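> I need the structure of the sequence given here:
(one chain, ligands or ions: 1)
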Amino acid sequence: MKSKLLSLLCITAGLLAAGASSARAAEPRVITITTSDAMKFDVTAITAAPGEELKVVLVNPGSMPKLAMGHNWVLLKAGTDVTAFSNAAVSAGAAADYLPADFKASIIASTKLIGGGEKTEVTFKAPAEKGDYVFLCTFPPHAMIGMKGTLTVK
Ligand code: CO
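Next up, the predicted model:
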């Protein structure tokens, strides 16, 4: 009886230890990015290690609704034609939150489109390959005005 209880305690302790260590390993680095009605991100440069787990928290402190002044955060794969992507985003329209289905393979990570007073987030792994990756807001024509930035993996 005594040894059975002891082994049960050992199993429990083992499970707790395993749970604690896996929770620690899965903790992504949080990057908070605030948008503005002036169509800018307050963070335009992010540096990450290859494969690093990141959580982008997008905050929209504006007061305008999503249909008038929506913002999202979309990270594109290297080599994506950003102009072609932006044109496709316009064609995709509000119904698709300006995320072009034809370019799904070009998107590493994306948040939903949010209006004033909203907040959203996306967790993803930085690309394994070193280099520069463009991120942008796909609500037209925000990226053209400058609502974009670069994730540098190094
Ligand atoms: Co925007």
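
> hey, let's count contacts and neighbours off CA atoms from now on
Will do.

> Look at Asp37 and give its secondary structure.
With DSSP: H, G, I helix; E, B strand; the rest coil as the basis, the three-state label of Asp37 is coil.

> hang on, isn't it packed against Ala68?
No: here Asp37 does not reach Ala68: they are 10.0 Å apart, not a contact under Cα atoms under 8 Å.

> more crowded one of these two?
More neighbours surround Asp37 than the other of Asp37 and Ala68, with 15 against 10 (other Cα atoms under 10 Å).

> List the contacts of that one.
Gly62, Met64, Met69 (Cα atoms under 8 Å, 6 or more residues apart in numbering).

> Make sure I have this right: Glu121 is in a helix.
No: counting by three-state DSSP, Glu121 is not part of a helix but strand.

> Now the phi/psi pair for the nearest residue to it once chain neighbours are set aside, please.
Leaving aside its chain neighbours, Glu121 sits nearest to Val57 (4.3 Å; criterion: Cα to Cα, 6 or more residues apart in numbering). Here is the backbone geometry of Val57 (degrees, to the nearest 10): phi -100, psi 120.

> coming back round to it: out of the contacts of Asp37, grab the one that's most surrounded.
Busiest of these [other Cα under 10 Å] is Met69, holding 21 neighbours.

> Quick check: it touching Gly115?
Yes: the criterion here is Cα under 8 Å, and Met69 meets it with Gly115 at 6.5 Å.

> So for stretch 68-77, mean pLDDT?
Mean pLDDT, stretch 68-77: 97.

> Show the contacting residues for the one residue in the chain that gets nearest to the ion.
Nearest to the ion in the chain, going by Cα to the ion, is His71, at a distance of 3.6 Å. Each residue near His71 by Cα under 8 Å, 6+ apart is listed here: Thr35, Asn60, Leu113, Ile114, Gly115, Cys137, Thr138, Phe139.

> okay, those in CSV with secondary structure, neighbour count and distance to Pro50 next?
Converted to CSV, the contacts of His71 look like this (DSSP: H, G, I helix; E, B strand; the rest coil; neighbours: other Cα atoms under 10 Å; distance: Cα to Cα, whole Å):
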residue, secondary structure, neighbour count, distance to Pro50
Thr35, strand, 22, 26
Asn60, coil, 24, 28
Leu113, coil, 25, 27
Ile114, strand, 21, 29
Gly115, coil, 20, 32
Cys137, coil, 29, 23
Thr138, coil, 29, 25
Phe139, coil, 27, 28
